[in-house]
Each structure stands twice: as structure tokens, then as C-alpha cells.
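Sharing a model that was predicted from the sequence below.
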Amino acid sequence: MVDLGSADARETAKAVRTGIISAQEACEAAIARIKHFNGPVNAVVVRDFDRALAAARQIDASRQPDDPRPLLGVPMTVKESNDVAGLPTTWGMEAFKDLPIEADAVVVQRLKAAGAIILGKTNAPVALADWQTENPVYGRTLNPYDPSRSPGGSSGGSAVALATGMVPLEIGSDIGGSIRVPSHMCGVFGHKPTYGIVPLRGHGFPGTDGVDVPMAVVGPMARNAGDLVTAMEVIAGPEDGIGYRLDLPPARHGALKDFRVLVLDALPGVAADVETRTAVSDLADSLSEAGATVSDDVSILPRLDTMHSSYVKMLNTVITRGTPGAEPMDAHAWMELLDEQMRVTRAWRAVFDEHDVVIAPVFSTPAFPYQTDPNWANRSLMVDGVPQPYGAQLAWAGLATFPGLPSTCVPVARSSESLPIGLQLIGAPYGDWTTLALAQLMESAGLTR
């Protein structure tokens with residue numbers, strides 16, 4: 001019999017496909033886990049159990065032994081910001097509690113077509129704009145490793161639902177580390193795809209339905225790297241009716257010994273704490289012992305300080321669009337910023353002519369105690385006893401976000417307080433299969449925790 005509390009998405013789908021369990025049994029078991037585990041952590045904040053059970057029964061009624069759907073009968077949740085017809089999409093804002101949602105996001109449509117069963121939605125901070133997960137609509141989500149600490153954000157509920165075993169698969173989103181930071185702080189895996197390869201329709205600011213948000217992505221989160229791959233195979237690719245198809249290059253290598261890795265543990269003006277730096281150096285040593293070529297010569301990288309400045313300027317423009325009092329940017333300045341983004345992306349392409357993956361921290365520290373001041377300018381983080389501006393952490397996210405690179409977060413260590421530490425594996429544009437392959441190889445070699 002399959003232990004559904006520990007089974008991953010692929011194991012669950014295989015068990016349903018072969019008739020070892022029914023989709024209804026898988027769904028009922030996940031619902032029971034949510035009812036049991038969710039109360040103390042408040043991760044799953046929108047429940048859709050009746051429709052989920054109906055979908056499971058429909059799968060059971062139509063199931064064939066050779067059913068090709070890769071997520072057949074897999075119960076899962078999605079971040080609250082992803083539209084699901086009939087469920088609220090508030091982005092944590094009370095003004096949108098009653099906004100009708102009439103259609104599924106494209107990603108949700110694809111998950112359902114692949115056999116997944118959507119049980120509900122997970123919590124996120126107001127406007128998805130924090131590395132904490134708290135809002136006036138649903139309340140605060142707690143880190144399962146230490147309830148006084150943040151689970152990360154903005155896909156904090158997603159990470160907690162995975163870390164507590166409620167579901168095997170989740171969908172988050174990322175523009176400022178919102179997949180990677182919660183994955184790091186809750187000890188799970190997450191993948192920020194290359195910009196533009198996963199459709200964003202149905203993941204927009206409530207009440208809007210226009211152009212895709214620059215730099216923003218939707219991506220999978222899971223308890224292992226293999227499930228990230230399966231989810232990406234389901235959700236990636238252009239929308240129907242577009243005259244091209246996605247054809248990502250295959251992973252560059254199939255063995256650890258063949259990878260060329262550049263490691264990075266500090267940024268201009270942004271320090272990582274000693275335990276995070278140790279996690280980077282320990283992983284570098286392990287990869288070197290496995291035969292990989294490892295370098296710490298970061299002189300090949302673009303000017304990270306100027307890149308960060310451009311990233312923050314673009315991010316602020318994107319997230320304050322339409323906000324009263326926001327700093328305006330004229331069309332000429334915006335075009336110049338897009339030019340700079342392209343120059344930076346080309347510079348990163350040159351990096352990946354010589355290296356396959358760049359390994360870096362996701363955040364300067366493990367999960368930090370919740371902070372209550374709503375103004376980021378008044379917040380600080382203690383890094384080895386030294387206060388650091390809260391917003392400075394954007395620099396780690398921007399490494400991959402501004403140039404649109406893929407980045408896979410992998411849990412690699414525990415702190416002295418038993419908190420998870422994850423690192424990001426950054427790849428070339430459209431090098432998603434390469435970073436995911438390295439994550440899988442690390443997992444197989446016992447280099448993840």
C-alpha cells in the first residue's frame with residue numbers, strides 16, 4: 001500500500017494509474033491531512049473539497065490502465081494568486097474578497113488536464129509583496145520549523161503545505177524570490193522558470209487582464225526535484241493559438257562530474273551569514289569531490305551592483321503601477337531600462353559559455369522572526385549579529401529575476417537552530433532542464449536535506 005503522506009506526485013499518479021489506490025482515496029487522504037495539519041500553520045486558506053472529490057470520482061470512473069496523464073489523481077493546492085473558477089483571488093486584500101473569478105488560470109487548466117485535483121489555495125502576503133506570509137483576509141502563516149518565524153513569501157503557504165506533508169505539489173509565483181525564499185525557509189524544492197516560458201494569464205493583479213508582468217513567473221514547488229520536472233513538463237509552453245512551440249535545450253550533462261559550476265556567496269553590500277556561506281562552500285566541496293569543475297572566480301559576472309540598481313528600479317515600477325504617489329517613469333526611461341535588461345541578459349549568456357550553473361544563496365539567513373512594521377524601510381535583518389536593511393535581500397532574487405534566468409532552489413543544509421538552508425542553482429536562459437538535472441543529481445548523491 002502507498003503511504004500517501006510521504007508519496008510524491010509521480011508515485012501518487014502511478015498508484016492511481018495502476019489501480020493500487022483510487023483517485024478518491026488519494027483525495028480523501030490529502031483532505032484528512034489538511035484538516036489535521038493546517039490548523040496550527042494556516043497554509044491552506046481556501047478549501048474546495050467538494051469539487052475536488054467530484055473530480056476524483058470522475059477520474060476513477062474514466063481511468064484506464066494506460067492513462068497517459070502524468071498527474072493522474074494527484075491532489076494539490078495552488079497559491080491564492082492563481083485564478084481558479086469559483087474561488088476567490090484576493091492577493092491578500094480585503095477589497096477583492098468578493099471579486100468573481102470565472103475562469104481557471106492557464107496553468108490551472110493544464111494541471112487539471114494532466115489529471116491533477118485542485119483541493120484549494122494557499123496563503124500569500126498582501127499584494128504578494130513580502131518575504132512574510134500574512135494578510136488581513138486570511139491571517140498569518142507559520143513556519144513549521146519554528147512558529148515564531150516567517151515561512152518566507154510570497155509563496156509561503158505553498159511551501160508550508162509541502163513541508164507539512166499536506167500535498168505533494170504546489171504552484172507558486174516569483175518576481176522577488178517568491179518561490180525560492182519560501183522553498184529555502186521551509187526546506188522544500190522550488191523552480192523559478194526562465195521568464196516567459198510558463199503562461200501568466202490568470203495570474204494577474206485582481207481585476208486586471210492585460211500584458212504579462214515584466215520579470216514575473218509562475219512555477220512549481222515540490223518535495224523533490226523530479227516532481228518539479230514533471231510539473232514543468234505540464235505547465236510550460238505557449239498558450240494555444242500561438243504559432244510556435246517551446247523546445248528547451250536538453251540538460252547539458254547527466255553526471256555530476258561533467259558540470260562546470262561557479263559559486264557565489266557574497267554580493268556588493270549584501271552579506272550572507274556564516275552558516276549560509278558554509279552551506280555554499282560545503283556544497284562546492286562535495287561537487288568537486290564528485291568530479292565537477294568548481295570555480296569561485298566571480299570576475300566573469302556582470303556588474304552586480306549596477307544590475308541590482310536596474311532590477312530594483314524595474315521592480316518598483318512594476319509593483320507600484322497605478323498606485324497613488326508612486327514615482328513615475330516616462331516611456332523613454334522605461335525603454336532605456338529594457339535596453340539595460342537585455343545587455344545584462346547577454347552578459348549572463350557569456351557567463352554560461354564557460355559555466356553550466358551558478359550556485360548562490362537564496363537569502364542571507366535562514367527563516368527570520370516575523371516583523372510587524374509594514375514599512376520595509378524600518379525593518380532590518382540580523383546577519384551574524386549585524387543589522388542589514390530588509391530590502392537588501394532583493395539582491396539575491398535579482399540575480400536570476402532581472403535577466404530572466406531559470407533558478408532551482410534546493411535544500412542543502414540545516415542551521416545550528418535546525419532551520420533549513422536552501423541554495424539556488426541558476427542557469428542560462430532557457431536552461432531549465434540543466435538546473436533541474438543538477439538538482440536531481442544532487443538529490444541522488446545525497447547532497448540535499
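Looks like it came in fine. Numbers count the residues shown, from 1 in each chain.

List the contacts of residue 158.
By Cβ atoms under 8 Å, 6 or more residues apart in numbering, the contact set of residue 158 is 43, 77-79, 122, 170-172, 182, 221. Just so you know, the C-beta spots here come from the backbone N, C-alpha and C atoms, and that holds for glycine as well.

Same question for residue 230.
Per Cβ under 8 Å, 6+ apart, neighbours of residue 230: 9-10, 70-71.

can you do 10 Å?
8-10, 13, 70-71, 74, 114, 169, 220, 222 (Cβ atoms under 10 Å, 6 or more residues apart in numbering).

again with residue 73
By Cβ under 10 Å, 6+ apart, the residues touching residue 73 are 9, 12-17, 21-27, 55-56, 59-60, 63, 67, 115-117.

taking these one by one, which sit in helices?
Among those, the members found in helices (DSSP state H) are 9, 12-17, 23-27, 55-56, 59-60.

which pair in those residues spans the largest distance?
Maximum pairwise distance in the ones in helices among the contacts of residue 73, criterion Cβ to Cβ, is 18.8 Å, between 14 and 55.

Those two: who's more crowded?
residue 55 (22 against 17; other Cβ atoms under 10 Å).

okay but the more buried one is in contact with residue 26, surely?
No: using Cβ atoms under 10 Å, residue 55 makes no contact with residue 26, being 11.3 Å away.

got any residues that touch both of those two?
With Cβ under 10 Å, 6+ apart as the test, residue 55 and residue 26 both reach 73, 75, 117.

will you turn the residues you listed into JSON lines that also has distance to residue 36 and pLDDT?
Below are the shared contacts of residue 55 and residue 26 laid out as JSON lines (distance: Cβ to Cβ, whole Å; pLDDT from 0 to 100):
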{"residue": "73", "distance to residue 36": "20", "pLDDT": "99"}
{"residue": "75", "distance to residue 36": "14", "pLDDT": "99"}
{"residue": "117", "distance to residue 36": "18", "pLDDT": "99"}
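
and which of those residues is nearest to residue 50?
Closest to residue 50, out of all of those and judged by Cβ to Cβ, is residue 117, at 11.9 Å.

just to revisit the earlier point, could you identify the buried members of the contacts of residue 73?
9, 12-17, 21-27, 55-56, 59-60, 63, 67, 115-117 (16 or more other Cβ atoms under 10 Å).

before we move on, the earlier item: now, the contacts of residue 158 that are in strands?
Among these, the members falling in strands are 77-79, 122, 170-172, 221 (criterion: DSSP state E).

Please tell me which one of the residues you listed counts the most neighbours.
residue 122 (35 neighbours).

per-residue pLDDT, the closest residue to residue 228 other than its chain neighbours?
Nearest residue to residue 228, sequence neighbours excluded (Cβ to Cβ, 6 or more residues apart in numbering): residue 191, at 4.7 Å. On the pLDDT scale, residue 191 is placed at 99.

looking at it, residue 191 is touching residue 409, isn't it?
Yes: the criterion here is Cβ under 10 Å, and residue 191 meets it with residue 409 at 7.5 Å.

shared neighbours of those two, anything?
Residues touching both residue 191 and residue 409 by Cβ under 10 Å, 6+ apart: 174, 179-180, 183, 221, 228, 424-425, 435, 439.

Out of those, list just those in helices.
Per DSSP H, the subset of these in helices is 180, 183, 228, 435, 439.

could the residues you listed go into a markdown table alongside neighbour count and distance to residue 278?
A markdown table is the format used below for these (neighbours: other Cβ atoms under 10 Å; distance: Cβ to Cβ, whole Å):
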| residue | neighbour count | distance to residue 278 |
| --- | --- | --- |
| 180 | 32 | 19 |
| 183 | 34 | 19 |
| 228 | 29 | 25 |
| 435 | 33 | 22 |
| 439 | 24 | 20 |
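
tell me the two of these that are most distant?
Pairwise distances across those (Cβ to Cβ) peak at 13.2 Å, for the pair 183 and 435.

what is in contact with those two at once?
The contact sets of residue 183 and residue 435 overlap at 191-192, 408-410, 424 (Cβ under 10 Å, 6+ apart).

Helices of the protein, start to end?
9-17, 23-41, 49-62, 106-113, 156-163, 180-186, 225-235, 274-289, 304-319, 331-354, 394-401, 432-444.

Figure out which of the ones you listed is closest to residue 252.
Closest among the helices of the chain, once you apply Cβ to Cβ, is helix 432-444, at 4.8 Å.

how much distance is there from the closest one to the middle of the chain?
15 Å (Cα atoms, centre = their mean, to the nearest Å).

Can you mark which positions in it are buried?
432-443.

Turn these into a markdown table, including distance to residue 279.
Below are the buried residues of helix 432-444 laid out as a markdown table (distance: Cβ to Cβ, whole Å):
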| residue | distance to residue 279 |
| --- | --- |
| 432 | 23 |
| 433 | 24 |
| 434 | 21 |
| 435 | 17 |
| 436 | 20 |
| 437 | 21 |
| 438 | 16 |
| 439 | 15 |
| 440 | 19 |
| 441 | 18 |
| 442 | 12 |
| 443 | 16 |
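
ok, so of these, who is nearest residue 395?
When the buried residues of helix 432-444 are ranked by distance to residue 395 (Cβ to Cβ), residue 435 comes first, at 19.5 Å.

what sits against that closest one?
In this structure, residue 435 makes contact with 191-194, 225, 228, 251-252, 356-359, 400, 405-410, 424-428, judged by Cβ under 10 Å, 6+ apart.

and if you look at residue 80?
44-46, 87-92, 120-124, 128, 135, 137-138, 154-155, 157-158.

Of those, which belong to strands?
Using DSSP E, the members of the contacts of residue 80 that fall within strands are 44-46, 120-122, 135.

Out of those residues, which is nearest to residue 164?
Taking Cβ to Cβ as the measure, residue 164 sits nearest to residue 44 out of the ones in strands among the contacts of residue 80, at 9.7 Å.
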